[in-house]
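Engineer: My questions concern the predicted model and sequence given below.
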Amino acid sequence: DEPGSAMHLHQSVVDIATGKPIFANDDGSMSQLFLHHIGGLQKYIPKLLPMFAPNVNSFRRFLPDTSAPVNVEWGEENRTAGLRVPTSSPEAMRVENRLPGADANPYLAIAASLLCGYLGMVEQLDPSAPVQGRAYERRNLRLPITIEDALQHMEDCETVQQYLGKQFVQGYVAVKRAEHENYKRVISSWEREFLMMSV
């Protein structure tokens, strides 16, 4: 009955030539690159969700009103959204990806999250309007609701295959599908308790 454990990722980027952050303008406002970065997270997180939620149990965490996100909406200081922009100084301007669970491989989750933002900057993707208030009721930017759906999204995304490598994507998806097939063969305690004597 407790919320699932998460592995929130805070992302900021600096210019390699100047060492200055690229997510804030000189006046402290959000830069266009930052907004594109958020747009990339919104577009590509659903396609890379198996790297943030790698097994069937991971998806039990994505429930409204449990301190966990259910979509890739974004907002400033909004913990009901999947993407939160914390209040900070211009130097610390960042976005928090609240999707990864504690069961994710941290190296893969970080790589996937950075790739999503990078693709947003490359493709100059604009994010949705920031959410004011609760994001749980928003329906436009929902996540795949099962590991099977998420794996299909990942497998079907040519851009993901281009950047992560087709062999890696196919191998990762195959392993996760095999794990899920094994899971489906196990009779749960819930089924024993509620169905054994009534079916």
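Structural biologist: Great, that's in hand. Numbers count the residues shown, from 1 in each chain.
Engineer: okay, CA-based contacts and neighbour counts for the rest of this
Structural biologist: OK.
Engineer: what does the host helix or strand of Leu33 contact?
Structural biologist: With the criterion set as DSSP states H and E, the secondary-structure element containing Leu33 is helix 32-44. For helix 32-44, the external contacting residues (Cα atoms under 8 Å, 6 or more residues apart in numbering) are 22-24, 72-74, 83, 95, 113, 116-121, 123-128, 141.
Engineer: What's the PyMOL line that selects buried ones from the residues you listed?
Structural biologist: Here is the PyMOL command that selects only those of these that count as buried (16 or more other Cα atoms under 10 Å):
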select buried, resi 22+23+24+72+73+74+83+95+113+116+117+118+119+120+121+124+125+126+127+128+141
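Engineer: Looking at the contacts of helix 32-44, which are in helices?
Structural biologist: Using DSSP state H, the members of the contacts of helix 32-44 that fall within helices are Ser113, Cys116, Gly117, Tyr118, Leu119, Gly120, Met121.
Engineer: Which residue comes closest to the last one once chain neighbours are left out?
Structural biologist: Counting by Cα to Cα, 6 or more residues apart in numbering, Met121 lies nearest to His36, which is 4.9 Å off, once chain neighbours are set aside.
Engineer: How many neighbouring residues does the one you found have?
Structural biologist: Residues lying near His36 (other Cα atoms under 10 Å) number 23.
Engineer: what about Asp15, how many residues close to it?
Structural biologist: The local packing count at Asp15 equals 10, with neighbours defined by other Cα under 10 Å.
Engineer: ugh, wrong one, Gly82
Structural biologist: A count of nearby residues for Gly82, using other Cα under 10 Å, gives 29.
Engineer: Mind listing what's buried along the top helix by length along the chain?
Structural biologist: Selection of the longest helix in the chain by residue count, based on DSSP H, yields helix 166-184. By 16+ other Cα under 10 Å, the buried positions in helix 166-184 come out as Val169, Tyr172, Val173, Lys176, Arg177.
Engineer: so which of those comes closest to Ser5?
Structural biologist: Of all the buried residues of helix 166-184, Lys176 has the smallest distance to Ser5: 20.4 Å, by Cα to Cα.
Engineer: In contact with that closest one, which residues?
Structural biologist: Applying Cα under 8 Å, 6+ apart, we find Lys176 in contact with Pro54, Asn55, Leu151.
Engineer: Pull up the gap between it and Val169, please.
Structural biologist: 11 Å (Cα to Cα, to the nearest Å).
Engineer: For this protein, give me the ranges with low pLDDT.
Structural biologist: Under the criterion pLDDT under 70, the flagged ranges of the chain are 1-3, 138-141, 199.
Engineer: Quick one: the strands in it, in order.
Structural biologist: Remark: strands assigned in the chain by DSSP state E are 9-11, 74-76, 83-85, 95-97.
Engineer: Show me what the nearest residue to Gln132 once chain neighbours are set aside bridges to in the sheet.
Structural biologist: Computed as Cα to Cα, 6+ apart, the closest residue to Gln132 that is not its neighbour in sequence is Gly75, at 6.8 Å. Using DSSP bridges, the beta-bridge partners of Gly75 come out as Arg84.
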